[in-house]
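*Asks:* the following comprises the amino acid sequence and a computationally predicted model.
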Amino acid sequence: MNASNIRLAALRTLFAIVFLALAASASWAQNLRSAEEYYTRGNTRYTKGDLDGAIADYDKAIAIIVGFPQADHARSKAEQFKRAFSETSGEYNTITVLDPRLAPVYHNRGVARQVKGDLDGAIADFDRAVEVNPRFAQAYTNRGNARQAKGDLDKALADYNKAIALDPRSALAYNNRGVAKQDQGDLGGAIRDFDKAIEINPHLAEAYNNRGAARYAKGDLNGAIADFDRAIELDPLYAFPYNNRGLAKQDKGDIDGAIADYDKAIAIHPRYANAFANRGLARLLQGRDAEAERDFRECLKLNKALKPKLDQSIKEVKQRLAVMW
C-alpha cells in the first residue's frame, strides 16, 4: 500500500431525524397541535439545512409538551404509578415522570446539534430521548455517532450494540458499528458489520464505501475498487468513494485513473481537502510540480490541520522519486 496517501480512506457514519406524529388526548389537543406544528416545521427546516431554525422549533415543541403535562392520559397514568410507588417506598420525589412524546423531539434536536458540531449538546439530547423511551433504537445509534466523533469508541460501540439489540434490522447501526470497529483496528469485525448492513439494505452506498475502505486497509485493492464502484453506482454524487477509489487505483499504478477520480471528488465536493491533497501527491508523482503545489495550497487553505501529514507525504513521494531516478 502506498504510504504517501494523505488519508487511508474516508468513512462516513449515518444519522437521521425521525418523522413521527405526536398523538394527543382530546383534553389538550390544541396545545399539542401547536407542539406538533413546531416539531414538523423543525423537521422541514432541518431537511433544508436551517439547523438553527430547526433547533429553535424543537425547543418550542419541548416547552409546550413539558408545560402542559397534567391533561395527558399517559402522563396521568404515570403519575398514578408514581403515587403508588411512593406509598410503598417513600421515594416519590426521586422519580421523574416523562412524556413519551418528548423522545422524538429531543432526538431530532440532538441530530441538528450534532450536524452543527455541538457534540455535547447532541449527546445530552440523545440521553434525554433514551431516558424518555429506553427502546428508541435510533437514538442509541445517533448517540453512538456523537460519541464516536468525540473519540469515545468504547461507549459508541456500546450504543451501537444496544441499537442492534433493539432493532436487528438496522442497517445504519451495523454500518456505524463497523466504522467504530475499523477505527479500533478490527478490520475483520468491521467488514462483517458492513456485510450485514448490505445484506439488510443492498442500496446503502455508505456501507459499500466503508467496506471498500476496510478492504483497502487490508490490502485487497480489487475488492476495495469493486465496493467503491458499487457505492458510486448507487450514489453518483457521493464524493468519498471517488477519492477512495483514486487511492486504490494509485496503489495499483493507475495514476491517470486516480487523478480522474480525485477530479470527480473535488467537482462534487469543492471543499474536500483530502482529495486536493491526494491529487497533488499524484501530480507530484507525474512530475507536474506546479499543479501539485496549487493542490497543496488549496488543501491547507481548507484544512490547516492536515499540514503535518501532508508535509510527511510530500517528503515520502520525493524520496520515492529520487530512488526511481
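*Replies:* Now that the structure is in, tell me what you want to look at. Since the structure is predicted, the reported quantities are computational estimates derived from the model, not experimental observations.
*Asks:* can you give me the neighbour number for Ile123?
*Replies:* 24 (other CB atoms under 10 Å). For the C-beta atoms, the positions are set from N, CA and C on the backbone; glycine is no exception.
*Asks:* for it, give me the backbone phi and psi.
*Replies:* Torsion angles at Ile123 (phi, psi; degrees, to the nearest 10) stand at phi -60, psi -40.
*Asks:* buried ones in stretch 42-56?
*Replies:* Within stretch 42-56, the residues scored as buried using 16 or more other CB atoms under 10 Å are 42-43, 45-46, 50-51, 53-56.
*Asks:* may I see the residues you listed organised as a markdown table, with distance to Ala35 and pLDDT added?
*Replies:* Formatted as a markdown table, the buried residues of stretch 42-56 follow (distance: CB to CB, whole Å; pLDDT from 0 to 100):
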| residue | distance to Ala35 | pLDDT |
| --- | --- | --- |
| Gly42 | 10 | 83 |
| Asn43 | 13 | 84 |
| Arg45 | 15 | 87 |
| Tyr46 | 16 | 83 |
| Asp50 | 19 | 90 |
| Leu51 | 20 | 86 |
| Gly53 | 16 | 89 |
| Ala54 | 15 | 84 |
| Ile55 | 15 | 88 |
| Ala56 | 14 | 89 |
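*Asks:* Tyr272: which of the residues you listed is nearest?
*Replies:* Leu51 (21.0 Å; CB to CB).
*Asks:* the closest one: what's it in contact with?
*Replies:* By CB atoms under 8 Å, 6 or more residues apart in numbering, the contact list for Leu51 reads 45, 112, 115-116.
*Asks:* if you set the cut-off to 7 Å instead, what comes out?
*Replies:* The contact partners of Leu51, taken as CB atoms under 7 Å, 6 or more residues apart in numbering, are 112, 115-116.
*Asks:* from the buried residues of stretch 42-56, pick the one nearest Asp256.
*Replies:* Taking those together and measuring to Asp256 by CB to CB, the closest member is Leu51, at 40.1 Å.
*Asks:* for Arg113, see how far away that closest one is.
*Replies:* 8 Å (CB to CB, to the nearest Å).
*Asks:* tell me the helix or strand right after the worst-scoring helix or strand of the chain on mean pLDDT.
*Replies:* Across the helices and strands of the chain, mean pLDDT, DSSP states H and E gives its lowest value to helix 73-89, namely a mean of 45. Using DSSP states H and E, the helix or strand that directly follows helix 73-89 along the chain is helix 102-116.
*Asks:* got the buried residues for that following helix?
*Replies:* The neighbour-count check on helix 102-116 (16+ other CB under 10 Å) flags 102-115 as buried.
*Asks:* hang on, Leu166 packs against Gln138?
*Replies:* No - Leu166 lies out of contact with Gln138 (CB atoms under 7 Å); the separation is 9.2 Å.
*Asks:* the two: who's more crowded?
*Replies:* It is Gln138, of Leu166 and Gln138, that has more neighbours when counted by other CB under 10 Å, with 24 against 17.
*Asks:* in which helix or strand would I find that one?
*Replies:* Assessed by DSSP H and E, Gln138 sits inside helix 137-149.
*Asks:* what about that helix, distance to the chain center?
*Replies:* 8 Å (CA atoms, centre = their mean, to the nearest Å).
*Asks:* again with stretch 44-62
*Replies:* So, by CA atoms, centre = their mean, the centroid of stretch 44-62 is 19 Å from its chain's centroid.
*Asks:* got the CA coordinates for it in PDB?
*Replies:* What follows is stretch 44-62, C-alpha atoms only, in PDB (Å, rounded to 0.1, in the frame of the first residue of the first chain):
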ATOM      1  CA  THR A  44     -38.700  20.600   7.500                       C
ATOM      2  CA  ARG A  45     -36.100  23.200   8.400                       C
ATOM      3  CA  TYR A  46     -33.600  20.500   9.200                       C
ATOM      4  CA  THR A  47     -34.000  18.900   5.800                       C
ATOM      5  CA  LYS A  48     -33.500  22.300   4.200                       C
ATOM      6  CA  GLY A  49     -30.300  22.900   6.200                       C
ATOM      7  CA  ASP A  50     -31.700  25.500   8.500                       C
ATOM      8  CA  LEU A  51     -30.200  24.000  11.700                       C
ATOM      9  CA  ASP A  52     -30.700  27.000  13.900                       C
ATOM     10  CA  GLY A  53     -34.300  27.300  12.900                       C
ATOM     11  CA  ALA A  54     -34.900  23.600  13.400                       C
ATOM     12  CA  ILE A  55     -33.400  23.700  16.900                       C
ATOM     13  CA  ALA A  56     -35.500  26.700  17.800                       C
ATOM     14  CA  ASP A  57     -38.600  24.900  16.700                       C
ATOM     15  CA  TYR A  58     -37.700  21.800  18.700                       C
ATOM     16  CA  ASP A  59     -37.100  24.000  21.700                       C
ATOM     17  CA  LYS A  60     -40.600  25.400  21.400                       C
ATOM     18  CA  ALA A  61     -42.200  21.900  20.900                       C
ATOM     19  CA  ILE A  62     -40.400  20.700  24.100                       C
END
